[in-house]
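Asks: Build me a structure from this.
(one chain, ligands or ions: 1)
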Amino acid sequence: MTTLAFQDLYPDELGHCYGCGKNNDHGLQIKSFWEGKETVAHFEPRPEHTALPGYVYGGLIASLIDCHGTGSAAAAAYKANGRDMGSEPALRFVTANLNVDFLAPTPMGETLELRGKIKEIKEKKVIVEITVFAKGKACAKGSIVCVKMPASMMPS
Ligand SMILES: CCCCCCCCCCCC(=O)SCCNC(=O)CCNC(=O)[C@H](O)C(C)(C)COP(=O)(O)OP(=O)(O)OC[C@H]1O[C@@H](n2cnc3c(N)ncnc32)[C@H](O)[C@@H]1OP(=O)(O)O
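Replies: Predicted coordinates:
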């Protein structure tokens, strides 16, 4: 049995995001999964994601944290409500606040691993902490405040 990623369970009309949209051919198409109580995603930076030769661009790292974070928030909200992810009505979260600490230069040529922990979960707000590892070393740490998407942002 294949396990679908959180982002593969987003409704089609929410699949356009540059970081995680399954329908965005030019995007990063990040895929997140549960691993026990943590959420995990892997991503292999491409040459265009270079900061300076040999090192990954920090903006890419922030984007990965952003979309792994909002995906983790949605997954955690479904779990807290005892619902299957993908069931309607969709629980959608957007980024209210994103903080990133760049702990060490992130090498190119490695698969990055993002591990998320749900730090706080309320009906309207989820806080996720995410660590980004390269070759087992923590290179960045992010904290993301995710808030239920306002109805006004829903594509019509
Ligand atoms: C399954 C499908 C998935 C589908 C999902 C697919 C989409 C993927 C999205 C990818 C991620 C993005 O890039 S999203 C795009 C970037 N983000 C945005 O454009 C969001 C723009 N901002 C907004 O629309 C708004 O400011 C919101 C919705 C974030 C917040 O609205 P609000 O009206 O201020 O919220 P409010 O009810 O007052 O606050 C709710 C709680 O959040 C806290 N809070 C509010 N703003 C902040 C803040 N900046 N920093 C810290 N905390 C904050 C409040 O203190 C409160 O905590 P407490 O008192 O309850 O403790």
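Asks: Partner strands of the helix or strand where residue 40 lies and their direction?
Replies: Assigning secondary structure by DSSP states H and E places residue 40 in strand 38-43. Paired strands of strand 38-43, with direction, are strand 32-35 (antiparallel), strand 112-121 (antiparallel) (DSSP bridges).
Asks: So for it, mean pLDDT?
Replies: For strand 38-43, the mean per-residue pLDDT is 98.
Asks: CA atoms of whichever helix or strand comes after it as CSV?
Replies: For strand 38-43, the following helix or strand on the C-terminal side (DSSP H and E) is helix 58-80. Extracted C-alpha coordinates of helix 58-80, given in CSV (Å, rounded to 0.1, in the frame of the first residue of the first chain):
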residue,chain,number,x,y,z
GLY,A,58,18.6,30.1,2.6
GLY,A,59,15.4,31.2,0.9
LEU,A,60,14.9,27.6,-0.4
ILE,A,61,15.4,26.3,3.2
ALA,A,62,12.8,28.8,4.5
SER,A,63,10.4,27.7,1.8
LEU,A,64,10.8,24.0,2.7
ILE,A,65,10.2,24.8,6.3
ASP,A,66,7.2,27.0,5.4
CYS,A,67,5.4,24.2,3.4
HIS,A,68,6.4,21.3,5.6
GLY,A,69,5.1,23.4,8.4
THR,A,70,1.7,24.3,7.0
GLY,A,71,1.3,20.7,5.8
SER,A,72,2.2,19.4,9.2
ALA,A,73,-0.3,21.8,10.8
ALA,A,74,-3.1,20.6,8.5
ALA,A,75,-2.3,16.9,9.2
ALA,A,76,-2.2,17.6,13.0
ALA,A,77,-5.5,19.4,12.9
TYR,A,78,-7.1,16.4,11.0
LYS,A,79,-5.6,14.0,13.6
ALA,A,80,-6.9,16.1,16.5
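Asks: From the contact counts, what lies against helix 58-80?
Replies: strand 32-35, strand 38-43, strand 93-102, strand 112-121, strand 125-134, strand 137-148 (3 or more Cβ pairs under 8 Å, 6 or more residues apart in numbering; DSSP states H and E). Glycine gets a C-beta too; all of them are placed from N, C-alpha and C.
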